[in-house]
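Student: Show me how the following folds:
(chains A and B)
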Amino acid sequence: MDMMSKILRHLREGFRNVLRNGWMTFASVSAVTVTLAVLGLTLILAMNAQQMSKYVTNQVQVQAYMHPNASEQAGEQLAQKLRSMPDIASVQVISKEAGMNEMKQEFGQYQDILEQYKSSPLPVQLVIKAKDPSKTLQVANEVRHMPDIDTVRDGKSYIKSLFRTVSVLRTIGIVFVIALLVTSMFLISNTIRMTIFSRRREIEIMKLVGAANWFIRWPFIVEGMLIGVFGAVVPLVILGYGYHVVYDRIHDIPLILSINLVSSGALIAKLAVVLLGIGILLGVWGGVMSVRKFLRV
Amino acid sequence: MIEMQDVWKEYPNGTSALNGISVHIQKGEFVYVVGPSGAGKSTFIKLMYREVRPTKGHIFVNGFNIERLKDRKIPLLRRSIGVVFQDFKLLPKLTAAENVAFALEVIGLSQRQIRRRVEDVLTQVGLEDKMNMLPSQLSGGEQQRVAVARSLANNPAVIIADEPTGNLDPDTSWGIMRLFQRINDRGTTIVMATHNRDIVNSLRRRVIAIEQGIIVRDEQKGLYGYDE
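Tutor: Below you'll find the model as predicted:
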């Protein structure tokens, strides 16, 4: 048999086996489906958590207030100097007037209270961002010693606890995903152990009529791949569609939280690659395992 | 065709199944292997298609040196031998034709060649009308005919049968024996382990009797010789 017809034969046999072993296929596909559904859900949460923590981390900034009598010109000069420092990404100068307007907006319907001031009582304010968010505290300390600076708000405790939380969350996520994969391996190998009994005879007869080991193995591998693909499609459709609907509903609501959801197209594409890949790997691994023991006749 | 020289077989659990067997079977012979249960008949049969390895001694089958045969080459040996069992060993989810086709796909014939050959051998065993039936839809005798057809499919030089009539009633058994006789008439060597006294005593051929792992009798046109 030439290469092409051999490949076709193994594909055909693999497909046929999937159909013939109806209930066992169903059991295996279900095991893969459950595993991948939970894994997929974990991934969606992890991807969004990652995105949010990145956003929040980027929001970390230093607010420096100048002496009340320092002029806006002095503020611009200081900003210019800061911008040339290697650790600083950006410096925004908020003038006395701009600061006042901001405050008025924050006060909303009570902004009349501020009317008593003829000119803005607020100092010139500099908003500074570090290139590397984790160096924010260092930058704040440098800024603190600059001339004309009155107070610096670095959000010290906030930054520290934020970074700690992010790294703890990341570790928990990784441990959870690994635990899940190990569990699913057991789940699937258990299903395979059940299918082995019904396959024993088949493999025995194949060996008796003189089939080479790889000739026996290939249809099982194809079968495993198909089980993996089928097992990935169901959770992919459900999670993908579900995410799309949820995303559509809430990404218009102006909450910081929702603005930073991973867009549904990008997420579904990543999810498809990961779920199909893991599904196929699990299926092939199962197929190889289920024949391995019986090839030594 | 088949040559055994001082063959011993001891299983890992300590059971010694064969204790020095030498035998020579020529091309075209029809040989019964008889003896009490546990005498070593099955081991004798299994050695020939390398289901088990000898502990000691030399075995040659169809030009293959069994003791030196690499695992990779075992399929080649088995393609030159047809094997038939008491329990038929058919795949329950495949039709009669598919069960036979199975053995041909393995050796790599094209689909068209396979179809022709399947039809040919199933006709030889008288099942041309039942090609598309599942084993569960066939009687015991018919299932064994499918198994015989499968063993014939590769045109083997030798057919090895382990109690092929063990599960069949007397009439059906005779049907299968006539089939083996016809196959033998065309020059195929047949080695058959059996407990069926009537058949051995009526269809007189070479009889090899094994007891406690050694050959106690080897006669042309022999008799069964046991009372059980």
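
Student: how about stretch B:70-80 against chain A, any contact?
Tutor: Yes - using CB under 8 Å from any CB of the partner chain, stretch B:70-80 reaches chain A at B:72, B:74-79. C-beta: built from backbone N, CA, C; applies to glycine.

Student: Can you find the helix or strand of chain A with the lowest average pLDDT?
Tutor: helix A:256-259 (a mean of 52; mean pLDDT, DSSP states H and E).

Student: Flag the least confident of the residues of stretch B:70-80 next to chain A.
Tutor: Checking pLDDT across those, the minimum falls on residue B:72 at 88.

Student: Around chain B, pick out the residues from chain A.
Tutor: Counting by CB under 8 Å from any CB, chain A sits next to chain B at A:1, A:5-6, A:9, A:20, A:201-202, A:204-212, A:215, A:297.

Student: now stretch A:104-119, how far from the centre of its chain.
Tutor: Mean-position distance between stretch A:104-119 and its chain equals 43 Å (CA atoms, centre = their mean, to the nearest Å).

Student: hey, C-alpha coordinates of it in CSV?
Tutor: Output of stretch A:104-119 as CSV, limited to C-alpha atoms (Å, rounded to 0.1, in the frame of the first residue of the first chain):
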residue,chain,number,x,y,z
LYS,A,104,-15.7,71.3,40.3
GLN,A,105,-16.6,68.3,38.2
GLU,A,106,-15.9,66.0,41.2
PHE,A,107,-18.2,68.2,43.3
GLY,A,108,-20.9,68.0,40.7
GLN,A,109,-24.1,69.6,42.0
TYR,A,110,-22.4,71.1,45.0
GLN,A,111,-19.8,73.0,42.9
ASP,A,112,-21.4,76.3,44.0
ILE,A,113,-19.4,75.9,47.2
LEU,A,114,-16.3,76.6,45.2
GLU,A,115,-17.7,79.9,43.8
GLN,A,116,-16.4,81.8,46.8
TYR,A,117,-12.9,81.5,45.5
LYS,A,118,-12.0,84.3,43.1
SER,A,119,-8.8,82.5,42.0
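
Student: I'd like to know the average pLDDT value across that stretch.
Tutor: 77.

Student: Would you write out the PyMOL command that picks the buried residues out of the residues of stretch B:70-80 next to chain A?
Tutor: Command for PyMOL that selects the buried part of the residues of stretch B:70-80 next to chain A, burial taken from 16 or more other CB atoms under 10 Å in any protein chain shown:
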select buried, chain B and resi 74+75+77+78+79
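
Student: Show me which residues of chain B are close to chain A?
Tutor: B:49, B:51, B:72, B:74-79, B:83, B:89-91, B:93, B:102-103, B:105-111, B:150, B:154.

Student: what comes into contact with the helix or strand bottoming out on mean pLDDT in chain B?
Tutor: In chain B, no helix or strand scores lower on mean pLDDT, DSSP H and E than helix B:96-107, which sits at a mean of 89. Applying CB atoms under 8 Å, 6 or more residues apart in numbering or on different chains, the contact partners of helix B:96-107 are A:9, A:205-206, A:209-212, A:215, B:75, B:79, B:90-91, B:94, B:113-115, B:117-119, B:121-122, B:127, B:130-135, B:138, B:146, B:149-151, B:153-154.

Student: Same question for stretch B:70-87.
Tutor: Here stretch B:70-87 has contacts from A:207-212, B:48-50, B:61-62, B:64, B:66, B:69, B:106-107, B:144, B:147-148, B:150-154, B:156-164, B:166-167, using CB under 8 Å, 6+ apart.

Student: returning to what we had before: pLDDT of the following helix or strand past the least confident helix or strand of chain B, averaged?
Tutor: Where DSSP states H and E defines the elements, the next helix or strand beyond helix B:96-107 is helix B:111-124. Taken as a whole, helix B:111-124 has an average pLDDT of 93.

Student: now for the helix or strand following helix B:111-124, which elements pack on it?
Tutor: Downstream of helix B:111-124, the first helix or strand assigned by DSSP H and E is helix B:140-153. With contacts taken as 3 or more CB pairs under 8 Å, 6 or more residues apart in numbering or on different chains; DSSP states H and E, helix B:140-153 sits against strand B:81-85, helix B:96-107, helix B:111-124, strand B:158-162, helix B:170-185.
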